[in-house]
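>>> just to be clear, the model below is a prediction. Sequence and coordinates:
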Amino acid sequence: MTDPTVHTAHTCRLAPAALDEIHAFLDTAFAGTFSEDDWDHTLGGIHVRVRDASGLLAHGSVVQRRVVHAGRSRRVGYVEGVAVRADRRREGLGGRVMAALEEVVDGAYAFGALSASAAGASLYAGRGWTVWPGRIAVQGPHGVERLAEEEGSTYVRGVGGAAVPSGGAPAAEVLVFDWRDGDVM
């Protein structure tokens, strides 16, 4: 068996067959709960794929979002569609995907953000991502709307040019994300 290889490409560089493969992979990995809006959120940025002779083993992407933080609108690298094939979990493939995504986040964005499932949270925490300690909101069609259900599951990397201190940001601080269809986060 050959070692899995990591492939990195922007959405525009992926052939329709590759995009179809990623879409089907994510639908399977998320047990049929990966909606068309979720798919749309995964597109338009950098995709990291890990594969071997058996096919696609892991995927993740980072897309640009606008987030208001500390009174400024910032370009943020938002991580989407991270999954590892069920029979290949706990082999470090998710870490390989995240390492490549973090390189993009660190080199191209003010900071990184993602919304973690309970199953995925340990991967991100183990890589130094921290739970945003303040409020989470979205600039919705009717103004700024708090997303209390996202508080505690939104992770960040490199806020303010450095990691969030262990004490975190003051609870009054808020991240206001741009609006999008489907699950905003």
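Structure's in. What do you need?

>>> for the rest of this, base every contact and every neighbour count on C-alpha atoms.
OK.

>>> in the chain, which helix has the most residues?
Assignment by DSSP state H gives helix 93-108 as the longest helix of the chain.

>>> measure stretch 128-137 end to end?
Terminal residues of stretch 128-137 are spaced 23 Å apart (Cα to Cα, to the nearest Å).

>>> pull out the buried positions in it.
Residues of stretch 128-137 classed as buried by neighbour count (16 or more other Cα atoms under 10 Å): 129-137.

>>> now that stretch: how far from the chain's centre is it?
Its chain's average C-alpha position is 14 Å from that of stretch 128-137, according to Cα atoms, centre = their mean, to the nearest Å.

>>> got it, and stretch 45-60?
On Cα atoms, centre = their mean, the centre of stretch 45-60 falls 15 Å from that of its chain.

>>> stretch 73-84 too?
Centroid displacement of stretch 73-84 relative to its chain, using Cα atoms, centre = their mean, is 3 Å.

>>> and the pLDDT at the residue nearest to the spatial centre of the chain?
Nearest to the geometric centre of the chain sits residue 79, at 1.6 Å (Cα atoms, centre = their mean). In this model, residue 79 is scored at 98, pLDDT.

>>> cool, and the one 10 residues further on?
The per-residue pLDDT reported for residue 89 equals 93.
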